[in-house]
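1. got a predicted model here, sequence first, then my questions.
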Amino acid sequence: MTTPLTWLYAPGDRPEVVHKALASSADVVIVDLEDAVSPDRKKYALAATAELLASPQTLPVHVRINTPHDVEALTTLPGLRALRIPKVAHATDIRRIAARAPGVPLYALLESALAIEHAYSIATAHPAVHGIAIGEADLRADLGIRDGTGLDWPRTRIVVAARAAGLAPPVQSVFPDIRDLDALYASCTHGRALGFLGRAAIHPRQLPVIERAFRPTPEEIEAAEEVVKAAATDEGALALPDGRFVDAAIVAAAQRTLSLARREGG
C-alpha cells in the first residue's frame, strides 16, 4: 500500500472538478461538502457525491461531511474510502459519527482551542479513528493568531497526540495561495520538521511541490540505509562506523524513511 503524501480537495457541487481531481497525481481525493460548497448547493453536492461514489473509483476518495445527516447517504457506497469529520471538539463527536457509519474509517478535523486541548481523547475515541488533523483557518480565527508560526504549538500538540494514540502522522492543512509554490515548499519543509507527513492541497499544481518536500532526500536515504545495514549485522550494541550508537527507535525511524522513499508500506 502506497504511503499517501498528497490529499487533493475538490468541491462536491462541481462534479467536473471532482473528476479532474480523480485524474490527477494525488494520492487521495477529498470531496468537500462543507466549506467549499455554498449553503444553497449543499443538497446538490451531497446527491452528486453519492452518485459518484455509487461505484468504486480510481483513487481513494474521502468525503468531508457538512452535517452528521450526510453520513447515512454515504456510508454504504462502494466508492467511499473514509469520512472526514469537521469541527470535532470532543470524543463524543466522533463516537456519534462512528455509530452512524459502522466500519468506515474516520478522520477528525480539530478546528478550535477546545479541540486541541482534547486532541488525545479524540484520537483514541473509537477504533474507527484513523487520523487527526488541524483545520488551520478556523483555529487561527478562534485563537486570534495573525502569524502562521503562532500555530506551531497546536501543530506539535496533534503530532504528539497522533503518535501517542498509535495513529499515522497528521497531514498538514491546506496552503491557500496556489500561486506561491516557493512559499508552499518552505511551509511543507517546516511542517515536516514538526512531524507532519503529507499535505492537503486545493489545486493540482501544488501536488508535485508537496510530494518533493515530503520525500526523503538522497542524504536521508543514505543515512537510513547505513542504520538499517548496521542493525542487520550487529551482534551486540548497535554502533555505526563513525562511532555513533543508535537504539531500536532510531532503527525503526530509518526503516520508515526507506519505506517512504519507496512509497510503500503504511
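-> Okay, I see it.
2. host element of residue 162?
-> helix 152-164 (DSSP states H and E).
3. tell me the pLDDT of the closest residue to residue 80 other than its chain neighbours.
-> Closest residue to residue 80 apart from its sequence neighbours, by C-beta to C-beta, 6 or more residues apart in numbering: residue 53 at 5.0 Å. For every residue, glycine as well, the C-beta is placed using N, CA and C. The confidence metric pLDDT takes the value 98 at residue 53.
4. enumerate every residue touching residue 53.
-> Neighbour list for residue 53: 61, 63, 74, 77, 78, 79, 80 [criterion: C-beta atoms under 8 Å, 6 or more residues apart in numbering].
5. neighbours of the fourth one, how many?
-> Around residue 77 there are 18 other residues, counting by other C-beta atoms under 10 Å.
6. could you do residue 141 as well?
-> 11.
7. doesn't it fall inside a strand?
-> No: judged by DSSP: H, G, I helix; E, B strand; the rest coil, residue 141 forms no part of a strand; its state is helix.
8. hmm, back to that, of the contacts of residue 53, which is the most crowded?
-> Result: residue 63 is most packed of the contacts of residue 53 (other C-beta under 10 Å), 30 neighbours.
9. how far off centre is stretch 114-123?
-> 16 Å (C-alpha atoms, centre = their mean, to the nearest Å).
10. nearest residue to the middle of the protein?
-> residue 171 (3.1 Å; C-alpha atoms, centre = their mean).
11. residues in contact with the residue lying closest to it once chain neighbours are set aside?
-> Nearest residue to residue 171, sequence neighbours excluded (C-beta to C-beta, 6+ apart): residue 198, at 4.7 Å. Applying C-beta under 8 Å, 6+ apart, we find residue 198 in contact with 3, 4, 5, 6, 7, 27, 169, 171, 172, 210, 214.
12. separation between residue 198 and residue 207?
-> Residue 198 sits at a distance of 11 Å from residue 207 (criterion: C-beta to C-beta, to the nearest Å).
13. overlap of the contact sets of those two?
-> In contact with both residue 198 and residue 207: residue 6, using C-beta under 8 Å, 6+ apart.
14. which other helices and strands contact the host helix or strand of residue 132?
-> Using DSSP H and E, residue 132 maps to strand 129-134. Judged by 3 or more C-beta pairs under 8 Å, 6 or more residues apart in numbering; DSSP states H and E, the packing partners of strand 129-134 are strand 106-110, helix 119-123, helix 152-164.
15. now do the longest one: distance to the chain's middle.
-> Meaning helix 152-164. 13 Å.
16. what lies in contact with it?
-> 110, 116, 119-120, 122-123, 131-134, 139, 143, 168-170, 191, 194-196.
17. just the ones in helices from the contacts of residue 53, please.
-> residue 74 (DSSP state H).
18. so which of the contacts of residue 53 comes closest to residue 40?
-> The closest of the contacts of residue 53 to residue 40 turns out to be residue 63 (C-beta to C-beta; 19.6 Å).
19. and that closest one, how close does it get to residue 14?
-> Counting by C-beta to C-beta, the gap from residue 63 to residue 14 is 14 Å.
20. one more: residue 5?
-> 24 Å.
21. which of the contacts of helix 152-164 count as buried?
-> Buried by 16 or more other C-beta atoms under 10 Å: 110, 116, 119-120, 122-123, 131-134, 139, 169-170, 191, 196, out of the contacts of helix 152-164.
22. quick one: contacts of stretch 36-46?
-> In contact with stretch 36-46 (C-beta under 8 Å, 6+ apart) are residues 9, 10, 11, 12, 13, 33, 66, 70, 73, 74.
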